[in-house]
Structure formats: structure tokens, C-alpha cells
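Structure for this input, please:
(2 chains)
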Amino acid sequence: MKTKGLTRRGFFKLFGGGIFIFFSTWDAMKLLALQPQTRRTLPTDYNAFLRIGEDGMVSGFTGKIEMGQGPVTSLVQMLADELDVAYDKVKMIMGDTDLCPWDMGTFGSLTTRVFGPPFRAAAAEAKAALLMLGSEKLGVPVSQLEVKEGIIMDTLDRNKQVSYATLAKGKKIERYLDTKPPVKDFRDFRIMGKSYLRQDALLKVTGQAKYAGDFHMPGMLYARILRPPSHGAKLVSADTSAAEKIEGIIVVRDGDLVAVLHELPDKAAEALVKVKGEYRFTEKEVDDKSIFGYLLKSAPEPYIVVEAGNLDTGRSLSRTIVESEFYNSYVAHAPMEPHTALAYMEGDRMILRASTQTPFPAQEAVAQALGMPLEKVRVITPFVGGGFGGKSVNPQMIEAARLAKLAGKPVMVAWTRQEEFFYDSFRPAAVVKVTSGIDEAGRINLWDYRVYFAGERGSDTIYDVPHSRTTSYGRGWTAPEVHPFATGPWRAPGNNTNTFARESQIDVLAVRAGMDPLEFRLKNLKDERMIAVLKAVADKFGWTPAKGPSGRGYGIACGTDAGTWVAHMAEVKVDPTTGHVRVVRVACAQDMGLCINPEGAVIQMEGCITMGLGYALTEEIQFTGGKIHNRNFDSYTLPRFSWVPKIETVILDQHDQPAQGGGEPAIICMGGLLANAIFDATGARMYQLPMTPERLLDALKKV
Amino acid sequence: MEETIRFELNGKNEEVLLDPELALLWVLRERFGLTGTKYGCGVGFCGACTVMVDNEPLRSCSVPVGDVAGKKILTIEGLANDGNLHPLQDAFMKHDALQCGYCTPGMIMNAYGLLLKNPEPSRQEIVVGMENNLCRCGAHARIIDAVESAAHEMKGGK
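I've put the predicted structure just below:
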């Protein structure tokens, strides 16, 4: 693949002199391990870029975007540390398809663990190049030089020194990185592994941070688009005559796309009310009550994810066999910033400023939709107001680009909250069936795990079971023909469902074995890093052994995601008359290998825990066929301030291990964690998420 | 249907000719370029558009601009004084009380209103006062810490 943005020559024209390091961010193995739909032709060109400017400022260019998860800080730490420059001398340029290296998108907690290593290597290469120049300039061998804050000095005569800025001045040096030079040993870190406050905080607390909707162009029009009442509805006819009479309104129609444009968003909204659409309906006959039976009926051909031993042998070795079914609902991403895109023509190029997690795939999608060559489309990603996977798909960008082309003016498409709750790519509802067995000593001998529609992420057993099989029906959200509306990746896709099912089932087995749930887990685990996080969280939480239900309301859950090991403990109080659950405290321990920015990692853990309260307790899309019923925050309930428990976090110190993901792991346990805590408080076992008061009251009746 | 509407915005007298039914949110963003005030839900459920109107935190998406005639409006852009951050802004930074930052201006403005009414709130009072502002990233615990520490700071007369 060739770089589809600017050519290298273009870079130099834009940025003048300096030292430029080009490198490839994707190695073949990592790409092949990715899901097929995100994979594309292997890059054959250097497609990334790091620059030491003539003023000594360092710019790092990445196709990743900042949506709150913090790479704007952690990537700067990596560059500054490897280059030995001050933290505030480094800036990131992110998510611009003209300026940045190709990237498949910001998701899967990949920024640190996959983009990070080549990024650090490029910085190490830049430093090596600078040392060489410094050596020539000072007449001192490289081995005798050291760098502090961007100043190269002779270790034997400290008066002999030269700065990066001086070396870069008037130069245009290109380096192409084929082999990875050695990066710093963790013992030499000055900046990595230490806590830094967010780089973007000042912009964000003063209202200066720009999101897609904050841009304005001369002549820009706001679009409101005619929307169907249901995902199963097809537009038959549209009467726009009344809207056309409103002053300043432009009506645009292109096939199914009917939009009204006005320079004021309120006026566009007013005009849209006057557009009458007629629809034909072919809805799926399913709703949020019947969905699980429907999914089981519609299950695609299964495939075996992983298998060990023989299930029949496992069955014969088991004294107690437990069969369970777990259910998880559709949930919305609900970022505070709805999908937004500004599109405008600049000469013969279409420029978009958009809230997207996938600027490069979005560039392709827009080019395809408009029939334009790829290089004629540029996507610029400003700050993104939350994504959680939902902004991996970007229909609003295609809408804005089509309308801008048709209207011949800059067009802003900013979805309303109602649109966001309709066109979101929801986390798929899913079912898990588990049959598992234990022997007299409390050893798990049998684990037959079947997951429907959640996909395989997080579906591995993690426990040491001799006879086990994991079967997946469908690969995650890739079953558009089954779901009544769009589905997609939602923070740690699939893993929330799988960890809920596995950790609930493990607790059921612990009860049947008559053992404390922590002791039961430790007994059945071989994975030392999992054992270590469990022990760490138990220590933090102050866990004392007891058989469930102990009445204390203590819960436990653990799992792996994005290469990270994570374990949680919680204490809940349940009001048996209302079914209301109050989460008193949550402790979480995480082994994420090398942690670049511990403060940033802790924030992500707290965020995961807080956000996870929602899918565990309240969040659920209510629907009939293709109609979504809860389309704003009054009926779709997000976690609020009063819900937030006391949160304690531990990050295990693993400086010598590769860095792993941090944005998603700590959310995966929240369903199982709270289900187990509710059981411990009440003796009621919850098999369905979210655990609403109504469902909890039902379960309490069965105790 | 357009009218002349006068109000004070971030300490400056303004006079605009426009439809009084337009939402204050869009007038702030479109007419004045004050884009720190965000659209989140359009019906006052989320608080991303919170601004101060005569010392009262209001949801600007649901306030017709005609209603603020003769009143004083303060937005996130008007909070810092001569380049000095307000203690709340400072505390949000120091506590890393934000992630994506989209709800942050509304959070800060709502907290500003809360502290005007109750300069020494208990933690519980902060929770209750902030309850109807939504954050999806889960920065809640840090936001409470930040408001608490700002209240502390402001009591010192700084």
C-alpha cells in the first residue's frame, strides 16, 4: 500500500527542514492476527513519520485519535523519553489522513501495545541519527556522548555541547527504518512509567478544545435529514413542498437521502418537521422480550474456538454438573458527543472534519460513496467526544460529504441525540450456554461453553480445565442479517458478555463445591499472572473467605482483555423491597505489562468501572422490530454521580514486560462482578444483564 | 419575527437582532462563536450545554434566547479572569477530572452555580448538585474531588 495522503515531498514542503524518520507501523504478523474486516493490504511503504523540527520541537504523527483515552499524553511520553527531550517539547498530530501514517483505527486498546513499539523505535532511530550528527559537529565519538533535554554533550567535557535544534537547522535529513533499533531499557526511563496529567486538559477546561461540531465555515449549512421511523422502513415518497417555502431553506434530495439545509440548526430542525415521508415496512418480528429465543433460532453455523481433552471424559469425571444460560442485551455507546461531520470542497478535494475513531477507513468509505479517488478525500479528526467503539462506523461522514457535494456548500451533519440512539451500532444482544462440572475436590473437569452472537473475545476458559471446548455461533457483531438494526464493537467487544457468563458460572460452581469463590478460583487457575491480580485485588479489598451467599454482598470476577489481566472485587447493598442495587465499593487490580502513564491507566480503570455500572444495572435498548423506544437519556439510563462507588485500583509493576491495553480491560468484569455480589447479598442468581430492579425482584422470589 | 435582544455576555454588553425563539445554545455557538458550550441531548437531560444566566445554571439548549433579554450570561469562555483560570478549571486539571472533555464545560459551569449557592458543600451535596450532568467516560469520582478541592481553594479567598 502506498501512502494515500501527502507524498513525502509534500511533507517536506509543509514542514520545511528538520530530521524526518519514516517507519512502518504494522508488521505482517500483527496485521494477520486482526479481524478480516479490519485487515487490508499490507503496507509496503514507510507510512509513519516523526520530525525533529528546526526549532527543536518534536512532532509525532499518528493515525490514532484522541477520544478521552489519553494517547495525546502517553504517546508524547514515549517520544520524549526515547529522544531524551523535555516532555513539553513534543506534540502529537493525530488522525489527519493527509499528514499522518495510515492506521486502521483507534480501537481494541491497540495504541500502546501495537503502535507504541514501532513509535518508540522510530524515536530511538532519530536519537541515533542526531547523535551521529552531534558526533561530527563536536568531533567526539558517539560512545562518549550523552543527551539531556535535547542537548547532546561530551561526557568528558560538558562544555562541548550542541542542541537537537541546532543540528536540525537548515537540514533535511530523511531516515527510513527497516530494522527496529533497540529502545530504552525500562531502568533508564525518565518519563515513561511515571504519571503525567492530561496534555489536553487546559484546552478542555477552558472550552477551547475543538470537536467536529465546533468548526465553522463561511456559507456553512446545517443539515437535518429525513429519518425513517423504523430500521425496517423504506422511503416510498417524500413531500418537501412545505419545507421549501421556509426562507433560507435548501432542500436536497438524492435517492433515499432527503435533507433540509439552513445556516441555523434550529431552522433546519423546524423545516424537517414539515417534510412528510411515506414508508413501506418490512420489520423483523422480534422485540427486546423475545430477542434471546430469536437469536438462538437464528444462530449461524458454529465453529470451535478452542478445545482440550474430551468432553465425555470430563463429564464422567464430574460429580456435579451445572447447566446455565446467560443473556445480555443490546446497549448503546451513547458518547456525549453524537456523530458529527463537517464536509466541504476545497478545489477538487472533499475535506471532512469529523468525530471518528477510524479516519482512514472513513476516508475510503467517503471516496467510495462519492466515486472520488482516495487522494481527493481528506479526513481531519479533531478531539472526539467519546467513542467506545461507536465511532468506528461513520455514516454521518458520508451523509455530510454527499450533501456538501450536492449543495455545493460546506455542510455540517450533527446527529441529534435521537438520531444517535437510532443509528448507533449497538452492542449485540447475546446468549451464552455453559455446561460445566466439578469433582469432589472442587476441581473443574468439564467446561462446554457456547457463545451466540457475542464473538470469541474473552470466551476462553482462563481456568485450568482438562476437558473443555469453546464454540462460537457467529463472529461478534458481524451478523447484519439477524439483528434488527446495526450492531458493532462496544468497549471490549464481546468480552463483557463472555466474562459475565464465565464468572457467574464459576461462582455457581464455587457454591456447589461449598467453597469460598476466591479460593475456588485460585484452586482452578494455573495462569500465574491471573493468580497475581486476584491476590492483589483481594489484598486491596480486604477479602476474607466465606461460602456464598454470605450476606455480605461481596463479589469477585476476573478475566483478560487486550493482553491485560484484570480482577475485581465489589461490595453491594440490595434493597429487597425495591430491587435497587447500591454498589458500595469496587477494587480492581490490573497487570498490563509496562504501564506508560500510571495516572492515565488508573483513570481508564475508574472510567471502565463507572461506565460498566450501566450495562450491568440499567442500560438496555428497548425495541419492537426496527423501532427503538428509548432514544434519549430520560429512558436510557447512564450511570450518574450518586451511583459511583468508592474505587480502589492497583497496577502490578511489570516494567520489563511489553505494554498491553488499558482502555477496555477493566470494564469486562462489571456484569459478573455485580451479579456475584448480588448473589452473595441475597442468594438470588442473575442470569440476564442488565440487572434491573424488576429482574432482581423476580429473581428474589425464586430464592 | 426578529427582535433586538440585549444581554450581558461574559461581561460585555451585546445587542443582537434575531428570532427570540432560537435556543440560547445555538445563538452562543453560531452568533458568538462560543463553542465551549456543547450540544448533548437537546432537551436538558445531560447538562453539556449548561451556562450561567443571572447566577443560575441553566440548560442553554432549552432556553429561548428571548428569555435572557436583560440578563447576564456567563459561559465557560468567560470563566477565566485575565488569563487566570478559575479555581474550578484549575482543580479539574489537577485532578484529571476529564477524559474526552465534551461534558467538561457543562460540568464546570454547573459546579460554578453549585458553589455560588453553597460555597462549602459536603461531598454528598456535591453529588446531589452534579447528579443531572452526565459523563460517559466515567470521570465522576474525580469531578467530585475537583469540585470539593475548588470549594476549598475558593474559601481561602483566592
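
okay, and for chain A, where does confidence drop off?
Residue ranges of chain A with pLDDT under 70: A:1-14, A:23-48, A:177-180.

Correct me if wrong, but residue A:519 is in a helix.
Yes: looking at residue A:519 with DSSP: H, G, I helix; E, B strand; the rest coil, it is inside a helix.

mind checking the backbone torsions on the residue nearest to it when sequence neighbours are not counted?
Of all residues not flanking residue A:519 in the chain, residue A:545 sits nearest, at 5.8 Å (C-beta to C-beta, 6 or more residues apart in numbering or on different chains). For every residue, glycine as well, the C-beta is placed using N, CA and C. Per-residue torsions, residue A:545: phi -70, psi 140 (degrees, to the nearest 10).

any idea how far residue A:545 lies from residue A:85?
Using C-beta to C-beta, to the nearest Å, one gets 51 Å for the distance from residue A:545 to residue A:85.

between those two, who's got more neighbours?
Between residue A:545 and residue A:85, counted using other C-beta atoms under 10 Å in any protein chain shown, the more crowded position is residue A:85 (28 against 11).

Wait, a helix at the more buried one?
No: looking at residue A:85 with three-state DSSP, it is coil, so not inside a helix.

Can you list phi and psi of it for me?
phi -120, psi 170.

Over to residue A:276?
Backbone geometry at residue A:276, expressed as degrees, to the nearest 10, gives phi -110, psi 120.

Can you give me the neighbour number for residue A:434?
Neighbour tally, residue A:434, other C-beta under 10 Å: 22.

Identify the residues contacting the nearest residue to it once chain neighbours are set aside.
In this structure, residue A:434 finds its nearest non-sequential neighbour in residue A:505, 4.7 Å apart by C-beta to C-beta, 6+ apart. Each residue near residue A:505 by C-beta atoms under 8 Å, 6 or more residues apart in numbering or on different chains is listed here: A:322, A:324, A:326, A:434, A:436.

and the fourth one, that one's in a helix?
So that's residue A:434. No: applying three-state DSSP, one finds residue A:434 to be strand, outside a helix.

Does it touch residue A:323 like I think?
Yes: judged on C-beta atoms under 8 Å, residue A:434 makes contact with residue A:323 at a distance of 7.3 Å.

tell me the domain boundaries of the chain?
I'll assume chain A. Domain assignment for chain A by automatic domain parsing gives A:8-204, A:212-281+A:339-414, A:298-330+A:426-701.

try again with chain B
Taken from automatic domain parsing, chain B resolves into B:3-78, B:87-155.

quick one: contacts for the residue of the stretch 201-350 of chain A at minimum distance from chain B?
At 1.9 Å from chain B, residue A:207 is the closest residue in the stretch 201-350 of chain A, using C-beta to the nearest C-beta. Residues near residue A:207 by C-beta under 8 Å, 6+ apart: B:34, B:35, B:36, B:37, B:75, B:76, B:77, B:105.

Next: residue A:108.
When contacts are counted by C-beta under 8 Å, 6+ apart, residue A:108 touches A:489, A:562, A:661, A:664.

Would you convert the contacts of residue A:207 into TSV that also reports secondary structure?
Shown next, in TSV, are the contacts of residue A:207 (three-state DSSP):
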residue	secondary structure
B:34	coil
B:35	coil
B:36	coil
B:37	coil
B:75	coil
B:76	helix
B:77	helix
B:105	helix
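
does residue A:475 sit in a helix, a strand or a coil?
Assignment for residue A:475 (three-state DSSP): coil.

which residue sits closest to it, ignoring its sequence neighbours?
For residue A:475, ignoring the flanking residues on the chain, the nearest one in space by C-beta to C-beta, 6+ apart is residue A:455 at 5.4 Å.
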